[in-house]
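> Just to be clear, the model below is a prediction. Sequence and coordinates:
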Number of protein chains: 2
Amino acid sequence: MTIAERFPDENIDTREAIMLATYEALCEHGYAALTIERIDNEFPKSKSLLYHHYDSKDDLLLDFLEYLLSVLPPDLAPDDVGGPNDRLESIIDYILTVEPGRADDDFLGALVELRAQAVNDPDYREHFTRSDVDFHARIENVLQDGVESGDFQDHDTDAAATFLNTLLHGALQRRVTSDEPRLDVVRDQLERYLNDVVYAEA
Amino acid sequence: MTIAERFPDENIDTREAIMLATYEALCEHGYAALTIERIDNEFPKSKSLLYHHYDSKDDLLLDFLEYLLSVLPPDLAPDDVGGPNDRLESIIDYILTVEPGRADDDFLGALVELRAQAVNDPDYREHFTRSDVDFHARIENVLQDGVESGDFQDHDTDAAATFLNTLLHGALQRRVTSDEPRLDVVRDQLERYLNDVVYAEA
């Protein structure tokens, strides 16, 4: 399921329509080349609306990032994907599996550009500090379910979620900024960690 | 040893002086707010020189990134730091240990901003693909020395270096874009991986 498919597609209100236009403009232009005008071009309603709602491109993008958190499912995986093992794999594969031409790749690139704004912009930093906590909770949720079901060993789920979160951020960054991220190798080594720390012994 | 201390400080030629000025302007302003004029302000020699050498800010920054690779020591650790265990720890600690007010922190932030340019700029992408290979080789060099000396177990040093490289990129990115990167927790979990895959059994 791609990010775009998470957005509501019927009876959408004005904010949702703006969010969808922002998503599409980000995928098309990336962060640096993005302007409010370019988002406006993706937006079917009245032109002046965007300028009325938002002071600047970054003001709009921060609202967009907030909205994004609200449309992601609680554990980042579709509910029907199966047990804790499958749900954990689904999170990991989303970042570590490369499929040429995947719909979300342009968006993930823009997300890494947006995150880089947090180096110097306190509003972006506040957002990404909070979204890390959110992403962490979604991963830990799956780990805790796995401990309860007996699929995972009793382990420090908070520490493991922190480690996974950090590794996946590195993999995502390399995925969109390098021609040779070698994510299949990362996946194999991560399996070593998961076998040692997370998965229950067979 | 900070990055700045890697730069030659005596009898420097024009390019080296430009590189030092670029480093200082990057630390002060970050990437987004950087202009050739601001680099020029850090540069003690004639104003027109910078414009003569470089077509654009990015042209200069790409030359700077290239220069940076050339001044880093072969395994990223000072030669006198000790055996493979200490050298590996020194690489890991550089990214995972937080010391408030550390001299390199502003620079590491700028580096993450520069890397984000690789999402859409082929020249940056080419550089960071290559610098990843370079960073990988520096890590693998330490791992291979450790296997030879018996400090590390016989393991797939290429795979372990890929994994470490990816994790450290994630940690660096979170370090400069979040207020709660929790790198001490990452360090503990990494130790689990290293005990399992890299370190020789005691």
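Here it is on my side, so go on.
> Can you give me the neighbour number for the closest residue to A:Q117 other than its chain neighbours?
Spatially, and ignoring its direct neighbours in sequence, A:Q117 is nearest to A:Y124 (4.2 Å; C-beta to C-beta, 6 or more residues apart in numbering or on different chains). C-beta here means a position set from N, CA and C on the backbone, and glycine is covered the same way. A:Y124 has 20 neighbours, counted by other C-beta atoms under 10 Å in any protein chain shown.
> could you say what helices and strands the helix or strand in which A:Y124 is found packs with?
According to DSSP states H and E, A:Y124 maps onto helix A:122-149. The criterion is 3 or more C-beta pairs under 8 Å, 6 or more residues apart in numbering or on different chains; DSSP states H and E, and the helices and strands that helix A:122-149 contacts are helix A:57-71, helix A:84-96, helix A:105-116, helix A:157-177, helix B:157-177.
> show me what contacts the residue in chain A that chain B sits nearest to?
Going by C-beta to the nearest C-beta, chain B is nearest to A:G170 of chain A, at 2.6 Å. A:G170 is in contact with B:166-173, counting by C-beta atoms under 8 Å, 6 or more residues apart in numbering or on different chains.
> from those, which is closest to chain A?
For those, the nearest to chain A is B:G170 (2.6 Å; C-beta to the nearest C-beta).
> before we move on, back to that, reformat the helices and strands packed on helix A:122-149 as JSON lines; add distance to B:H53 and mean pLDDT.
Converted to JSON lines, these look like this (distance: least, C-beta to C-beta, whole Å; pLDDT from 0 to 100):
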{"stretch": "helix A:57-71", "distance to B:H53": "32", "mean pLDDT": "94"}
{"stretch": "helix A:84-96", "distance to B:H53": "40", "mean pLDDT": "93"}
{"stretch": "helix A:105-116", "distance to B:H53": "27", "mean pLDDT": "95"}
{"stretch": "helix A:157-177", "distance to B:H53": "26", "mean pLDDT": "97"}
{"stretch": "helix B:157-177", "distance to B:H53": "29", "mean pLDDT": "97"}
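> Mind checking the ones you listed for the one nearest to B:V119?
Closest approach to B:V119 among these is made by helix A:105-116 (4.1 Å; C-beta to C-beta).
> Between helix B:157-177 and that closest one, find me the angle.
Relative orientation of helix A:105-116 versus helix B:157-177 (axes from the mean of the first three to the mean of the last three C-alpha atoms, to 10 degrees): 50 degrees.
> three-state assignment of A:P8?
The assignment at A:P8 comes out as coil when based on DSSP: H, G, I helix; E, B strand; the rest coil.
> What pLDDT does the model give it?
Here the pLDDT value assigned to A:P8 is 82.
> so how far is B:Y94 from it?
Note on A:P8: its distance to B:Y94, by C-beta to C-beta, to the nearest Å, is 45 Å.
> Have a look at those two and say which one is more surrounded.
Taking other C-beta under 10 Å, A:P8 and B:Y94 do not tie; B:Y94 has more neighbours (16 against 12).
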